[in-house]
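S.K.: build me a model:
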Amino acid sequence: MRKAVTVLLFVASPLFAANHIIDQKTFDAIAVEYSGERAQENDRRIVQYHRIQASPMMREVAERVVAPALRDAGLDPQIDTYPSDGKLLYKTYISPMSWSIREGELWLEGDAPQRLCRYSDVPMCVSTYSKGGEWSGELVDVGSGTSDSDYEGKDVRGKVALASGYAADVVRFAVLKRGAVGTVIYPAANDRPDHPDMVRYNGVWTRADELPRTSGSFQISANQYAQIKSLMAKGLVRVRGRIDATLGPGAHAGPRADPRNGIVRRGSDRLRSPRSPEVERQRQCQRIGGDDRDRPNAADFDRFGQALASAQDDSSDVGPGVFRHDCLSDDAS
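M.R.: All right, here's what the predicted structure looks like:
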């Protein structure tokens with residue numbers, strides 16, 4: 001009986017009773033069209049790709065997964081590309097170099113060599129934008145490795161820096177500034193200690209002017225770090241890294257989609273949404289980068305919700321799918 005009452009109460013209430021920045025009717029209309037199962041399945045397909053900005057993997061997932069899903073939703077997807085070479089600026093953002101990786105391995109050297117990681121098994125174990133090549137050397141633990149004080153009394157030249165800081169910073173302090181041949185990154189003690197086998201994401205973010213002098217970097221888990229530290233307590237420990245990757249100028253690919261000829265599919269119906277001059281202006285104001293002024297606030301989303309609500313009327317001249325998150329500000333140009 002209790003279960004029956006619960007169901008009746010739910011049916012008698014609004015679909016999702018809560019306070020929103022858009023009216024309940026509009027929110028419910030969105031909710032009944034949205035499919036969590038479909039979104040989850042799209043996520044499953046997307047995460048099969050190692051999606052690194054300006055990399056071929058990013059274009060592949062855009063072309064093979066995102067664009068077909070948008071097309072199935074009744075949209076007309078396009079793949080926009082932007083030059084990205086490690087030096088070109090988009091406002092204050094330095095575009096990353098194009099990075100294409102094929103394989104990478106990190107080994108403990110010794111009488112019985114032990115492989116610590118392989119990219120094809122765990123892609124996260126190679127720091128993104130690592131330079132291809134092979135190197136080996138003695139491990140030197142430099143703590144965080146992101147400040148000059150971390151290196152006081154320690155010589156990393158010709159050796160491998162073992163650190164817990166972010167790879168981009170460690171590489172610049174250890175490799176570019178002090179001549180280390182490579183870096184190995186482990187989780188800090190307070191970084192999700194309940195997941196001791198986790199290999200976290202890290203990136204070198206090599207810039208064009210650093211390419212001749214930089215090197216590669218790997219990530220290991222907390223358990224692997226504990227094993228290495230126990231070996232280092234007994235004597236010198238050497239590692240060997242090999243990365244088969246290409247760094248150079250390229251392009252970043254990003255999908256976008258507009259309604260086909262002003263038509264957006266809504267369930268089994270179709271909603272005509274011819275573009276007004278204001279909507280067309282909004283479409284043309286897309287920017288790369290941007291400052292706080294270009295970012296949406298609560299009022300922007302409220303305005304979006306109101307436009308979406310009016311679009312449920314076939315006579316409306318404003319339809320969904322025409323607003324871009326960086327074009328909602330009144331002073332966008």
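
S.K.: who's residue 163 bridged to?
M.R.: residue 185 (DSSP bridges).

S.K.: where's it relative to residue 148, distance?
M.R.: The spacing between residue 163 and residue 148, counted by Cβ to Cβ, to the nearest Å, is 13 Å. (C-beta placed from N, C-alpha, C; glycine too.)

S.K.: who's more crowded, these two?
M.R.: The neighbour comparison of residue 163 against residue 148 (other Cβ atoms under 10 Å) goes to residue 163, with 29 against 9.

S.K.: now do the end-to-end distance for stretch 135-148.
M.R.: Stretch 135-148 has an end-to-end distance of 24 Å (Cα to Cα, to the nearest Å).

S.K.: contact partners of that stretch?
M.R.: Identification of contacts with stretch 135-148 by Cβ atoms under 8 Å, 6 or more residues apart in numbering yields 109, 150-151, 154-156, 158-166, 169-170, 173-174, 180-184, 188, 215-216, 228-229, 232, 236-241.

S.K.: let's see that with 6 Å instead.
M.R.: Identification of contacts with stretch 135-148 by Cβ atoms under 6 Å, 6 or more residues apart in numbering yields 150-151, 154, 156, 159-165, 169-170, 173-174, 181-182, 236-241.

S.K.: quick check on those: which are buried?
M.R.: 150-151, 156, 159-165, 169-170, 173-174, 181-182, 237, 239-241 (16 or more other Cβ atoms under 10 Å).

S.K.: narrow the contacts of stretch 135-148 to those in helices?
M.R.: Mapping the contacts of stretch 135-148 onto helices (DSSP state H) picks out 169, 170.

S.K.: ok, back up a step: out of the buried ones among the contacts of stretch 135-148, which are inside strands?
M.R.: In strands, defined here by DSSP state E, the members of these are 160, 161, 162, 163, 182, 239, 240, 241.

S.K.: now the two most distant members of those residues.
M.R.: 163 and 240 (17.9 Å; Cβ to Cβ).

S.K.: residue 85: how many residues sit nearby?
M.R.: 17.

S.K.: before we move on, what about residue 153?
M.R.: By other Cβ under 10 Å, 4 other residues sit near residue 153.

S.K.: residue 200 versus that one, what's the distance?
M.R.: In terms of Cβ to Cβ, residue 153 sits 28 Å off from residue 200.

S.K.: over to residue 213?
M.R.: In terms of Cβ to Cβ, residue 213 sits 26 Å off from residue 200.

S.K.: the two - which one has more neighbours?
M.R.: Counting neighbours by other Cβ under 10 Å for residue 213 and for residue 200 shows that residue 200 has the greater number, 18 against 13.

S.K.: so is that one in a helix, a strand, or just coil?
M.R.: In three-state terms, and counting by DSSP: H, G, I helix; E, B strand; the rest coil, residue 200 is coil.

S.K.: quick one, what contacts it?
M.R.: residue 187.

S.K.: if we go to 8 Å?
M.R.: 124, 187, 191, 192, 219.

S.K.: and residue 332, what's its pLDDT?
M.R.: Looking at residue 332, its pLDDT stands at 38.

S.K.: ok, residue 146 next?
M.R.: Predicted confidence (pLDDT) for residue 146: 97.

S.K.: how about stretch 251-258: buried residues?
M.R.: Buried, per 16+ other Cβ under 10 Å, within stretch 251-258: 251, 252, 253, 255, 256, 257, 258.

S.K.: cool, stretch 80-94 as well?
M.R.: Buried residues in stretch 80-94 (16+ other Cβ under 10 Å): 84, 85, 86.

S.K.: do the same with stretch 21-35
M.R.: So, applying 16+ other Cβ under 10 Å, buried residues of stretch 21-35: 22, 26, 27, 29, 30.

S.K.: ok, stretch 116-129 next?
M.R.: Neighbour-count burial for stretch 116-129 flags 116, 117, 118, 119, 123, 125, 126, 127, 128, 129 (criterion: 16+ other Cβ under 10 Å).

S.K.: look up which residues are beta-bridged to residue 217.
M.R.: Going by DSSP bridges, residue 217 forms beta bridges with residue 183.

S.K.: so for stretch 35-50, mean pLDDT?
M.R.: 87.

S.K.: let me redo that: stretch 170-184
M.R.: 98.

S.K.: tell me the gap between that stretch and the middle of its chain.
M.R.: Centre-to-centre, stretch 170-184 and its host chain are 25 Å apart (Cα atoms, centre = their mean, to the nearest Å).

S.K.: can you name the residues in contact with it?
M.R.: Here stretch 170-184 has contacts from 106, 127, 135-137, 139-140, 142, 144-148, 150-151, 156-163, 167, 185, 204, 210, 213-220, 239, 241, using Cβ under 8 Å, 6+ apart.

S.K.: how about 7 Å then?
M.R.: With contact meaning Cβ atoms under 7 Å, 6 or more residues apart in numbering, stretch 170-184 is reached by 106, 135, 137, 139, 142, 145-146, 151, 156-163, 167, 185, 204, 210, 213-218, 220, 239, 241.
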